[in-house]
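J.: coordinates only, no sequence provided:
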């Protein structure tokens, strides 16, 4: 009978002791050991994190065979696909091969096709062979097995849309789902970096939530994005500004909100030093939600203190309950966003 | 008549344009220009940020005259005491010399002795002379003037305690004031790094708020701190554990809370890579409050996602309404904490 492992996978850590599998240097990728609270998948492909794959391609001069060797080497050494330079991983697509008895009541059966929504940097992985390297889309087709822990999150790939479309949205699933939970009727909401995938999905959710008395304002960098966002129906107003110039952005943002400060700002700007642009336009007692991974903790904390802003600043958690369902539902609701994603992001 | 400046001080930025004074390289420290929404102070002393002063002392080989020259040089070049290497500043103590007419309704008058609670890294400063250098307490006695903007925060120094005692508490004023606002009756609260100044003050506030059905558990590194915290009355229970070993800490923390996950964790651990120790013990839907400036935004965001934890993670804002009053009040309420601060932190 399978024994029960740690909920978070700590039983798979080899070194150093005491940490979880993401922080570990080496983890146990033995797929013949069965645990009662693990899921094992037959992996079809690895979507390598963009920063990691860029580094690997450069190190290997875009040579496919060298790339295969490098990835095989990383996984052989560490038991997981965690780039030693960038520290990042990616995600996998695969079919469920084993479900431990403690997880039998989940809405999942052997043979289901799923995407992992936890990073490869913490996922036990054993590769038999790398069958194809897709240099342009950061993807490796493989014959491999991977483990999902009891706490690991995943999404069943839907039947009513292409795999590529679903993955493009799931990649940013945290942001729109958090937006759906934070935004209330009547709120004024400022979305920074609104022209990208996560910004568009956040804008769509915010528009649904604020109701007739709310105001959703999107910030973009280029004039030609204004009409696009208005046509998509993801904003009441769109301002063109530079998030590195917070004072100018503040003026434009206030003008678009009848001179009033905002209840909520959501930062999807994926460049550094844009914390003040998200903090300045928000009222005392309001919320600043940082989804951007380029956010600096200290710049946010000291920046708000420096201007005496009593705002609640939230670290964008990539996971919230039902985030995959909420995000995929947006693609079903909006034909325009679906078309845009199909054209631009797959 | 004095003209009105920007609420956040943007009118004092010289270069680069578009940013606020903290991000600026050079700001205007002309004290003869009077603005209707600024306060000018006669500065008595500068408390240089610890990281900054360590760097300055090393660069000057602890030579007092060289330190004076270096600080005079920085302020002459930049218009503010912002260390070019560390980027940090410190705070000042001074007497109010001018209050712009737009700020006349504040509870402040010319001659009041105040401490600035915004960083010197964003504060216009003009030094006439550095009169004394206190190498051991990171302090310079000066003849100088400094500006507080309309958004700038400060605290009037109280009459009923020593200046040094008040400053020791004000230094960490954000954390206990945020704790006072977050913690509700019946909550279970885990405080990490509870043996330091901010941890003790947070524990004291949490104990006041949770009431008879709550549970406040403090984590420390050393066995001898256990009885000290219990004697101070800042915890129901104290656990000894290492925040770099989140799995072990989780087990001890759960045991101290009847096996249940916590409603709130507060991290005052001032070393890196302790994010998971704060996230793991909290229930889904609970709060994680990072006060530690050693917190990594990405480690927190990706860490919570990696273990599928639906927690709200808050960036510790050094400012919240009334934070100075709330914090100084603790010293009046608790003779034991006052004695400890007088013995250990001044």
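T.: That came through, no problem. Keep in mind it's a predicted model, so treat the numbers as computed, not measured. Numbers count the residues shown, from 1 in each chain, chains lettered A, B, ... in the order given.

J.: closest residue of the stretch 151-300 of chain A to chain B?
T.: Closest residue of the stretch 151-300 of chain A to chain B, Cβ to the nearest Cβ: residue A:245 (3.3 Å). Glycine gets a C-beta too; all of them are placed from N, C-alpha and C.

J.: pLDDT at that residue, what is it?
T.: What the model reports for residue A:245 is a pLDDT of 95.

J.: same question, residue A:17
T.: 90.

J.: got it, and residue A:318?
T.: So, for residue A:318, pLDDT stands at 89.

J.: for it, which non-adjacent residue is spatially closest?
T.: Spatial nearest neighbour of residue A:318, chain neighbours left out: residue B:305 (3.3 Å); criterion: Cβ to Cβ, 6 or more residues apart in numbering or on different chains.

J.: so that neighbour makes contact with residue A:319?
T.: Yes - contact criterion Cβ atoms under 8 Å: residue B:305 and residue A:319 qualify, at 4.4 Å.

J.: spit out the residues that contact those two alike.
T.: Counting by Cβ atoms under 8 Å, 6 or more residues apart in numbering or on different chains, the common neighbours of residue B:305 and residue A:319 are A:117, A:153, A:174.

J.: show me what contacts the second one?
T.: Contacts for residue A:153 (Cβ under 8 Å, 6+ apart) come out as A:116-118, A:319, A:324, B:305, B:308.

J.: ok, 10 Å please
T.: Residue A:153 makes contact with A:115-118, A:173, A:318-319, A:321, A:323-324, B:305-310, according to Cβ atoms under 10 Å, 6 or more residues apart in numbering or on different chains.

J.: ok, now the first one?
T.: Contacts of residue A:117 were listed using Cβ under 10 Å, 6+ apart, and they are A:91, A:148, A:152-155, A:170-171, A:173-174, A:318-319, A:323-324, B:305-306, B:308.

J.: all strands for the stretch 101-250 of chain A, in order.
T.: Remark: strands assigned in the stretch 101-250 of chain A by DSSP state E, counting those that start in this stretch are A:113-116, A:125-134, A:139-148, A:154-156, A:188-192, A:215-220, A:237-240.

J.: which among those is found nearest to residue B:257?
T.: Nearest to residue B:257 among these is strand A:139-148 (27.7 Å), distances taken as Cβ to Cβ.

J.: quick one: strands adjacent to the closest one?
T.: Sheet pairing of strand A:139-148 (DSSP bridges) gives strand A:39-48 (antiparallel), strand A:125-134 (antiparallel).

J.: what stretches of chain A score poorly on pLDDT?
T.: For chain A, no stretch has pLDDT under 70.

J.: tell me which of the strands of the stretch 101-250 of chain A is the most buried.
T.: Of all the strands of the stretch 101-250 of chain A, strand A:188-192 has the most neighbours on average by mean count of other Cβ atoms under 10 Å in any protein chain shown, namely a mean of 29.

J.: give me every residue that touches the residue nearest to residue A:253 when sequence neighbours are not counted.
T.: Using Cβ to Cβ, 6+ apart and skipping the chain neighbours, the partner closest in space to residue A:253 is residue A:281 (4.4 Å). Neighbour list for residue A:281: A:188, A:190, A:192, A:217, A:219, A:246, A:249-254, A:256-257, A:260-262, A:265, A:288 [criterion: Cβ under 10 Å, 6+ apart].

J.: coming back round to it: secondary structure element for the residue nearest to residue A:318?
T.: Using DSSP states H and E, residue B:305 falls within helix B:297-306.

J.: was I right about residue A:96 contacting residue A:41?
T.: Yes - with contact defined as Cβ atoms under 10 Å, residue A:96 counts as touching residue A:41 (5.7 Å).

J.: who touches both of those two?
T.: A:110, A:112-114, A:148, A:154.

J.: what about residue A:272, how many neighbours?
T.: Residues near residue A:272, counting by other Cβ atoms under 10 Å in any protein chain shown, number 12.

J.: do any residues in whichever strand or helix holds residue A:55 lie close to chain B?
T.: Following DSSP H and E, one finds residue A:55 within helix A:50-59. No - against chain B, helix A:50-59 shows no contacts by Cβ under 10 Å from any Cβ of the partner chain, the least distance being 11.2 Å.

J.: may I see the buried residues of the helix or strand following that helix?
T.: Heading C-terminal from helix A:50-59, the first helix or strand you meet, by DSSP H and E, is helix A:64-78. Residues A:67-68, A:70-72, A:74-75, A:78 are the ones in helix A:64-78 that count as buried (16 or more other Cβ atoms under 10 Å in any protein chain shown).

J.: between the residues you listed, which is nearest residue A:17?
T.: Closest approach between the buried residues of helix A:64-78 and residue A:17, by Cβ to Cβ: residue A:78, at 15.8 Å.
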